[in-house]
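Undergrad: predicted model follows, preceded by the sequence.
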Amino acid sequence: MTALDTVVAGGRVGERATRLDGYPKVTGQFAYASDLHRDGMLFGATLRSPVASARIRSLDLSGVAGSPGVAAVLVAADVPGKNRFGLNFDDQPVLADTVVRYQGEPVAVVAASSPARAWDAVGRIVLELEPLPGVFDMEEALADGAHRVQEVGNVLRHVHIERGDTRSAGADVWVEGYYETAMQDQAALGPEAGLAVPAEDGGVDLYVATQWLHADREQIAPCLDLPDEKVRLHLAGVGGAFGSREDIHMQIHACMLALRTGRPVKLSYGREESFHGHVHRHPARIWMRHGATRDGRLVAVEARLLFDGGAYASSSPAVLGNAATFAAGPYDVPHVRIDGTVVYTNNPPCGAMRGFGAPQVCFGHEAQMDKLARALGIDPVDLRLRNALEPGLSLPSGQVLTGSAPVREVIARCAALPMPDAEPLEGRGAFGYPGGTGNVTRGEGIKRGVGFAVGFKNIAYSEGFDDAGSARVTVRLEGDEPVAEIHTAAVEMGQGLYTLLAQIVRTELDIDRVVVRQADTAARNTGSTSASRQSMMSGGAVQMACAQVRAALFERARSQAGAGAGNHELSVGRGWVNAGGHPLARVADLLDEPVSREAVYHHRRTGTFDDKGQGDVHVCFAFAAERAVVDVDEDLGLVRVVQVAAAIDAGRVLNPLGMSGQVEGGTAQGLGLALMEEVQLSDGAIRNASFTDYLIPTIADMPPVVSAAVEDPEPGVPYGAKGVGESPTIVATAAIVAALRDATGRELNRAPVSPDELAGLRPPAATQGPPPCPDVPGQDPVPLYFQSGSGQQRLM
Amino acid sequence: MVQTTFLQPASWPEALEARAANPDAVPVAGGTDVLVEVNFGRLHPSGLLDLGRVRELRTWGREKGRVRVGAGVTYSELITQLRGDLPALATAARTVGSPPIRNRGTLGGNLGTASPAGDCHPVLLACGAEVEVASSRVSRTVPADEFFVGPKRNALGADELISGVWIPRATGPQSFSKVGTRNAMVIAVCSLALALHPDSGRVGTGIGSAGPVPLRAREAEAFLEGHLAERGAWESKRPLEEAVVDRFAELVSQAAAPIDDVRGSLRYRRHALRVLARRSLGWCWNDYREAAR
């Protein structure tokens, strides 16, 4: 096994620390999960349902029997424990038993001596299916008599938020809009992969690229009918995640095969399988009405949200909770009515993706703000400034902003960032025009546009989750040099967390050599690498553990120095414990025994929604504003994004280099949804499950990003820092499409915008009006009312 | 389990013999199409005939008014070495994939795959190129517009390999334009090549990714050739009337036979071809007029 212990070089909090995994990654030396290897290992392959909705009539394995090299073929009946798992509810089968609910749902798994033999065996399984009706449209899912995707019905959750009375809001002007966003793929460059190794104690060691080791184990162990301690997870090299690794994919399958065969089993998806193997960003339909007074005061927002959750719950209920609470935007609105529904359909399951419900509603509320600005004759940036939230004001859900909320600052800073230099229309070279290398224009048809968007999102988990962070810091001697070791279960997925944790240790203990141990479940649960939370949560735990280590060193120094320490305050620096600024004891001399401390960091407790959707549900918020400048070829409907300017609320910047990486990468992913990224479906089947046909932006599509960090520390949070992994993505889509509207004058109410729409060949997305709200028992996810088990919550 | 035989001839005669002896083996040049198909599980070849060691295929040379480009010449080589002789082909090569793909992928491989979206094909049609094919028995040439016989099907016999392509050197302005929904590394939604041949009074067109095979817009060619001849425009070099450009663009658009698919709509493809035809003709005719000054 390749050790992932990482010695991190250089840098304290606030410095531009370079990533030690950067060099190995660009030179091909970093071991990703797909590179895992054990001598004598078997290779797994998965039989998946070719259709989206059917009853399993029979599963004939006789064709596989005796196939050379095949060690095991497992079906639903072979699942040792319960055949259900899930992040929020265990509603998803490990292997489909009676029916299949989406195209690509796993039905059987095979282990064989080579990948080719495993796939050959999969091809010999005869799966006989009886077609069932399916629901492929989220509005149809709500219709009376629609095919029920799950026993509980098709409504997975409905959230209702009501404040004031929009009908008596006193608005002079109303604007109305309908918006759609498509299903987006996280497109992590490393497909799902892992290696399960059976252990002598009857348990299993699983090496896997994931986002949350403990949540995986919590779902895996009951399916294997093993106690938690016999299921040990170790983090393998993660090739990006963006939410796609929050759910179980190959974990249980690989463990089942390893336990059955008694041999290590590797399961590694290809790109096409990856599209079927993880959840996607929810497609959304959004109806909005905004009311304002003539002087530009936003007084009312009505929003109806409909999200397609696909066949299984995943984290859809939490995504919807987010979308509903952010639907009115980062604005002060006295009268609000928001109704959000997420439904089950026979489309591929949707769940977590960077932004987690916020990008969809941001696309809607920001288009509405532009509409309102036009209707009122007010500058769109000015209208946003006038209505911006600030500390002391509250969200539609009644939550008062008690922490940092620099909404005006991000808007003003963004608007003040320099515009791109003027360019002549002719002679720009390929990358200066829409269409890029395609050589389709020399300046013909080009219109420039500018768009602006503001958005926000919660940091850490909401609605009562206590997703604590945890870390152990050990200081010991190596030769004559003190070395600090960080051991956590926190996942580094390419965002730079380990670099950051080492910066914290260096800052707190003034020790240069820091080692980050491979993350595993031997460490305490520290929550998911998602929700922009790890800087705060695992960072906070590391900071606390460092404080305890420091205290222990001080105690040793005092007892070694006896009365010499006096009553001076002790500090640590340059390898010494100092008393009142004078050297007291060498740190190295205090380390005959290593010092090791574990700390747990909790964020402040949050609550749940009441029946009016009121509640203190979020921990704290990160805000962002982006301005996009675009060139559109109006005749061909092609786009070049010329520049994106970003002002990002970071609380406090811990690593400026890491921050620019997040802002640029996050913007690229938002650009993708604005211009090209869409999982296209036909009767629930993915039509473009490849990087040939599912396009993500290339460097030729990415503009320069001019960014500014707004530093307004969050009180009560380590260093006052806020995660910045998601907020740029949330606003980028809205800002770029706003710029396209500005350039073309077209409505463009659907993301991604197609060339057809930009060229005027296709009308805007149409609607017959918002669907009626479903009748539900309350604000909680519907399966809860049917006593379905809850997932992650049990970990807390 | 399918066993794949891997054949790696060291010379052209060996390659032709191997081809004759293994008609089911799939020829591989750069592998940028074949290996993708294999990886996707859409192609399960019983044999692979690797042409990468055949040096004869890697050369190109001028002969009278034509350039003979060996089938193994890569896109990168077309861009760096043949920009002057074959400007539209170099432009088309530049639109293919990413640098690693262009370093591996070859002109012959593009023709072997014969995808309707192959980037070089419209240029070969517009330039009146001929594809040189050979078997161990005989060698022959096939005009580019007879080479593509169906979606991903070409006129190659079971015992034949593509040895090279004969392309007339540019005697007038040429252009190639490709529409895709991102600005690089994209399969064409549609594409158009235009070549003006002032010496012969001919106009060449090629349409990509808007029909089952790469297409010539023959009516558009004939219309423009007729108009230019009739008005003595080749000699007078006067500006083209808006109506002529529009008519040409309309005929190009009508010549296409596009469909709706994941990459684009039928309607958009026809529209975009009209736009590309108008722009391409404008650029080429303008270049022709400028060059004369």
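TA: Yes, it's here. As the structure is a prediction and not an experimental result, all values here were calculated from the model.

Undergrad: burial measure for the closest residue to chain A within the stretch 151-293 of chain B, as a count.
TA: Closest approach between the stretch 151-293 of chain B and chain A, counting by C-beta to the nearest C-beta: residue B:183, at 2.7 Å. Every residue, glycine included, has its C-beta placed from N, CA and C. Here the count is done by other C-beta atoms under 10 Å in any protein chain shown, and residue B:183 has 26 residues near it.

Undergrad: and residue A:629, by the same measure?
TA: Count around residue A:629 with other C-beta under 10 Å applied: 22.

Undergrad: residues touching residue A:405, list them.
TA: Taking C-beta atoms under 8 Å, 6 or more residues apart in numbering or on different chains as the criterion, residue A:405 is in contact with A:330, A:389-391, A:393, A:621, A:623.

Undergrad: flag the shaky bits of the stretch 151-293 of chain B, pLDDT-wise.
TA: B:292-293 (pLDDT under 70).

Undergrad: quick one: the helices in it?
TA: B:218-230, B:233-236, B:242-255, B:266-292 (DSSP state H, counting those that start in this stretch).

Undergrad: likewise the stretch 1-150 of chain B?
TA: Using DSSP H, counting those that start in this stretch, the helices assigned to the stretch 1-150 of chain B run over residues B:12-21, B:34-39, B:75-81, B:87-94, B:99-104, B:107-113, B:121-127, B:144-147.

Undergrad: hmm, who's touching the last one?
TA: What it means is helix B:144-147. B:111, B:114, B:121, B:124-125, B:127-131, B:154-155, B:165, B:216.

Undergrad: go again with 10 Å.
TA: With contact meaning C-beta atoms under 10 Å, 6 or more residues apart in numbering or on different chains, helix B:144-147 is reached by B:111, B:114, B:120-131, B:133, B:141, B:154-156, B:162, B:165-167, B:204, B:206, B:213-216, B:218.

Undergrad: beta-bridge partners for residue A:196, please?
TA: For residue A:196, the beta-bridge partners under DSSP bridges are residue A:206, residue A:265.

Undergrad: which residues does it contact?
TA: A:36, A:38, A:41-42, A:44, A:111, A:204-208, A:220, A:224, A:231, A:233, A:250-259, A:261, A:263-267.

Undergrad: then residue A:154?
TA: The contact partners of residue A:154, taken as C-beta under 10 Å, 6+ apart, are A:135, A:138, A:140-143, A:146-148, A:309, A:341-345, A:774, A:782.

Undergrad: redo that, cut-off 6 Å
TA: Contacts for residue A:154 (C-beta atoms under 6 Å, 6 or more residues apart in numbering or on different chains) come out as A:141, A:343-344.

Undergrad: quick one: secondary structure of the residue of the stretch 1-150 of chain A found nearest chain B?
TA: Relative to chain B, the nearest point of the stretch 1-150 of chain A is residue A:120 (5.1 Å; C-beta to the nearest C-beta). State at residue A:120, reduced to three classes by DSSP: H, G, I helix; E, B strand; the rest coil: helix.

Undergrad: near it, how many other residues are there?
TA: Quick note: residue A:120 (other C-beta under 10 Å) scores 20 neighbours.

Undergrad: leaving out chain neighbours, which residue sits closest to the residue of the stretch 351-500 of chain A found nearest chain B?
TA: For the stretch 351-500 of chain A and chain B, the shortest gap (C-beta to the nearest C-beta) falls at residue A:436, measuring 2.7 Å. Leaving out its chain neighbours, the residue that sits closest to residue A:436 by C-beta to C-beta, 6 or more residues apart in numbering or on different chains is residue B:183, at 2.7 Å.
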